Every structure is written in structure tokens, then in C-alpha cells.
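Enquirer: would you be able to build a 3D model of this:
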Amino acid sequence: MAMRLFVLYVIVELAVILALVSTIGLGWTLLLVAGVFAVGIALAGSQIKRHIRRLRAGLNAATVQGAATDSVLVALGTVLVFIPGLASSVLGALLLLPPTRAVARPVVTAMAARRAPLITVAGVAAQRARRGDYIDGEVVDVSGAESQALERPDRPREEHNREQ
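Expert: Below is the predicted model:
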């Protein structure tokens, strides 16, 4: 799977570079690649700082999911900016823009919900209560005399006394 993704990445990046070189020339293509990389680095730095300030300001129950999804998108955008290539840098820069993250947030949330089941304490407690696990047992008070502690309840008292 990883090898297929890498081959797809190489094919897409080469196709974009070759199309740009044949359209606008090698010099302008290299300048465009460098410019997109520089803009992506600046965006990554500013969005990471902004996101950290938002997390430090505090979260409530309504904003936790949005903050978690934004964290994933900012991290993914930063990684894509640093991966060499024009297509990945443009995609990473787009993920770093707040309006684009707002559009991508429901998609990422739906993908995560489909892949990983939601596990909550209430859900686990309800599941355990439904199973009806039951352990039958007996509580024995061991604070009595030493002779009582040596006795075994499954053997009669006479048999215990004969062994001593």
C-alpha cells in the first residue's frame, strides 16, 4: 500500500512539473516551486502558533472536536508543505488556510468515524451491564483464631484434628 502511494505521488509530481515546464518554462517553474514552498512554510508557522494559542486559551465541550480535527489538518498541511514537490506543497498550503480547513473538517470527521469506532465510558459500561457477567462467591472472615485459618472448609473437623 505504501509503495503504491509513493508511486502515485511520484507520478503526480512529475506530471505537474512536466506540464508546468512545457507551459511556462523551467525558470518560472522553479521560481513557482520555491515561492509555493516559502508561502507554505510561512503559513505553517503562523497556523501552528495560532492553533497553539487557541489550545492554551482553553476548550469547552463544543470546541474539542473542531480543535482536534484542526490539529490533524494543520499537522497534515505542514507535512505536505515540507514534502518536495509542487502538488503536495499546494495541497499542504491549502490545508493550512482556515477557510479550507473549515471545508475539510466534516470530511475528515466522517472518515475518522467510519474507520475507528467511538469508545466511551458509558458505552463500555452499558456493554458490560448487558453481558450479565456474574461471579458467585463467598466472603470468609479470616480474623478468627489461628486454628480456624488452618482448617479447610471442604474437610471435616475430625480429619483435620487427626493430621495434627
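Enquirer: what is the longest helix of this structure by residue count?
Expert: helix 26-57 (DSSP state H).
Enquirer: buried residues, that helix. List them.
Expert: Using 16 or more other C-beta atoms under 10 Å as the test for burial, helix 26-57 gives 29, 32, 33, 36, 37, 40, 41, 43, 44, 47, 48, 51. (Glycine included, C-beta is placed from N, CA and C.)
Enquirer: and the furthest pair within those?
Expert: Across those, the longest distance by C-beta to C-beta is 31.9 Å; it joins 29 and 51.
Enquirer: how distant is the longest helix of the chain from the center of its chain?
Expert: 23 Å (C-alpha atoms, centre = their mean, to the nearest Å).
Enquirer: the residue most central in space within the chain: what's it in contact with?
Expert: Centroid-nearest residue in the chain: residue 72, 7.8 Å away (criterion: C-alpha atoms, centre = their mean). Applying C-beta atoms under 8 Å, 6 or more residues apart in numbering to residue 72 gives the contacts residue 108.
Enquirer: what about residue 20, neighbour count?
Expert: Burial of residue 20 is recorded as 17 neighbouring residues (other C-beta atoms under 10 Å).
Enquirer: once you drop chain neighbours, what's closest to it?
Expert: residue 29 (4.3 Å; C-beta to C-beta, 6 or more residues apart in numbering).
Enquirer: outside of stretch 44-51, which residues touch it?
Expert: Residues from elsewhere that reach stretch 44-51 (C-beta under 8 Å, 6+ apart): 67, 70, 71, 74, 77, 78, 81, 82, 92, 96, 98.
Enquirer: out of those, which is nearest to residue 5?
Expert: Residue 5 lies nearest to residue 92 out of the contacts of stretch 44-51, by C-beta to C-beta, at 15.7 Å.
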